[in-house]
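A.B. asks: next one to model:
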Amino acid sequence: MNILITGGAGFIGSAVIRHIIKNTDHQVLNVDKLTYAGNLESLADIDQNVNYGFSQIDICDAESLAQAFDSFKPNLVMHLAAESHVDRSIDGPAEFITTNIVGTYTLLEAARHYWQALAETEKSSFKFHHISTDEVYGDLEGTMDLFTESTAYAPSSPYSASKASSDHLVRAWQRTYGLPTLITNCSNNYGPYHFPEKLIPLVILNALDGKNLPVYGKGDQIRDWLYVEDHARALYKVVTEGVVGETYNIGGHNEKQNIEVVKTICKILDELQPQANGEPYESLISFVKDRPGHDLRYAIDASKIDNELNWTPNESFESGIRKTVIWYLDNLDWCRRVQDGSYQRERLGAKE
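C.D. replies: Residues are numbered from 1 along each chain as shown. So this is what the prediction gives:
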């Protein structure tokens with residue numbers, strides 16, 4: 001099959017592409033604008049594969065999208081392109097509205113026109129898979145409550161509100177036009193190639209540099225942590241085996257307070273690369289003012305994807321976080337090139 005993946009140079013998108021190229025014979029076209037979070041170095045081990053191609057396209061560019069659909073002729077679309085950092089959405093919501101709402105609308109229209117022009121025999125095999133987040137559900141109050149696929153939406157940030165809007169657009173295009181869509185909502189991802197502004201890579205790299213490890217509030221916010229390679233497996237399973245019109249929640253079965261996550265990373269670093277001064281890394285933890293509208297707890301009920309598609313995560317948090325820390329220790333050159341911006345300068349033709 002031909003699989004068009006938007007946002008394939010991002011953290012989750014690159015994991016999906018690596019999974020598909022390494023484990024199948026499908027053709028993949030990576031469509032990515034290459035914003036600050038898009039890094040083609042995350043695809044270096046597969047970018048010469050004959051089944052992989054890349055087009056630098058903004059999903060708000062309807063003409064370029066139409067050309068990509070017409071030339072590549074996808075059977076499946078996996079839509080991961082999005083602005084995704086909550087803090088950035090608070091500081092500057094406009095880009096989130098543009099990319100996550102207008103961009104999704106533009107992509108849906110490109111997919112609809114392409115799909116409607118297909119022969120009837122080809123239409124039945126086409127699917128549009130929209131990848132979303134559990135943050136659209138808002139906050140959980142009870143300690144035993146879980147997000148299910150029928151949980152009402154109650155987004156708290158400009159980011160989650162823009163993703164909720166994009167989910168609604170996808171469902172509307174399925175209901176109104178018959179476009180064969182699926183939606184997945186996932187919990188917090190972590191793992192290799194994660195952009196350093198996010199909690200886990202930020203803590204690892206700050207610790208190695210001897211910098212403060214900032215923790216919002218008391219660090220008692222609870223998240224369900226999903227190893228990115230487990231998520232990639234789930235997304236491929238949904239787009240190939242999922243039922244059109246359905247939504248699937250994808251979780252890691254690993255609820256942890258943020259402070260637990262930070263302390264776990266510190267303990268692994270104490271073991272693998274202790275500080276020169278002999279101090280434990282936990283001594284670098286600093287508590288900072290909480291961000292506005294910060295949700296306290298997210299937790300996913302992933303029983304539907306388990307029961308219907310036979311997917312469960314392979315990694316526990318303990319195994320996944322150790323793999324993640326080791327990856328960062330082994331790939332500090334990649335990290336430094338992201339931190340100093342050289343990964344962006346090179347792709348634009350600038351010299352070091």
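
A.B. asks: could you check how far the residue nearest to residue 186 when sequence neighbours are not counted is from residue 19?
C.D. replies: The shortest distance from residue 186 to any residue other than its chain neighbours is 4.3 Å, reached at residue 250 (Cβ to Cβ, 6 or more residues apart in numbering). To be clear about C-beta, it is placed using only N, CA and C from the backbone, and glycine gets the same treatment. In this view, residue 250 and residue 19 are 14 Å apart by Cβ to Cβ, to the nearest Å.

A.B. asks: show me what contacts residue 246?
C.D. replies: By Cβ atoms under 8 Å, 6 or more residues apart in numbering, the residues touching residue 246 are 149, 182-183.

A.B. asks: circling back to that earlier point, more neighbours, residue 250 and residue 19?
C.D. replies: With other Cβ atoms under 10 Å as the criterion, residue 250 and residue 19 differ in neighbour count, and residue 250 comes out ahead with 26 against 18.

A.B. asks: quick one, phi/psi of that one?
C.D. replies: For residue 250, the backbone dihedrals are phi -120, psi 120 (criterion: degrees, to the nearest 10).

A.B. asks: quick check, it in contact with residue 184.
C.D. replies: Yes. Using Cβ atoms under 8 Å, residue 250 is in contact with residue 184, at 5.5 Å.

A.B. asks: which residues do the two both contact?
C.D. replies: What both residue 250 and residue 184 touch, as defined by Cβ under 8 Å, 6+ apart, is the set 234-235, 238.

A.B. asks: now, which of those sits nearest residue 89?
C.D. replies: Proximity of the shared contacts of residue 250 and residue 184 to residue 89 was ranked by Cβ to Cβ; the top entry is residue 235 with 22.9 Å.

A.B. asks: skip the chain neighbours and tell me the closest residue to that closest one.
C.D. replies: Leaving aside its sequence neighbours, residue 235 sits nearest to residue 16 (Cβ to Cβ, 6+ apart; 5.5 Å).

A.B. asks: do residue 140 as well
C.D. replies: The shortest distance from residue 140 to any residue that is not its chain neighbour, by Cβ to Cβ, 6+ apart, is 4.5 Å, and that residue is residue 297.

A.B. asks: from residue 60, how far out is the one you found?
C.D. replies: For residue 297, the distance to residue 60 under the criterion Cβ to Cβ works out to 34 Å.

A.B. asks: so where do the strands sit in the protein?
C.D. replies: Counting by DSSP state E, the chain has these strands, from start to end: 2-6, 27-32, 52-56, 76-79, 127-133, 181-186, 188-190, 213-216, 222-227, 247-250, 255-257, 285-288.

A.B. asks: my guess is residue 42 contacts residue 9, does it?
C.D. replies: Yes. Here residue 42 lies in contact with residue 9, judged by Cβ under 8 Å, at a distance of 6.6 Å.

A.B. asks: neighbour count for these two, which is higher?
C.D. replies: More crowded of residue 42 and residue 9, by other Cβ under 10 Å: residue 9, with 28 against 25.

A.B. asks: OK, contacts around that one?
C.D. replies: When contacts are counted by Cβ under 8 Å, 6+ apart, residue 9 is found next to 30, 32, 34, 38-40, 42-43, 54.

A.B. asks: helices along the stretch 1-150 of the chain, start to end?
C.D. replies: When assigned using DSSP state H, counting those that start in this stretch, the helices of the stretch 1-150 of the chain occupy the ranges 11-23, 62-72, 86-91, 94-96, 104-116, 120-123.

A.B. asks: by neighbours, which of the shared contacts of residue 250 and residue 184 wins?
C.D. replies: In terms of neighbours by other Cβ under 10 Å, the shared contacts of residue 250 and residue 184 top out with residue 235 at 28 neighbours.

A.B. asks: state the distance from that one to residue 175.
C.D. replies: Between residue 235 and residue 175 the computed distance is 23 Å (Cβ to Cβ).
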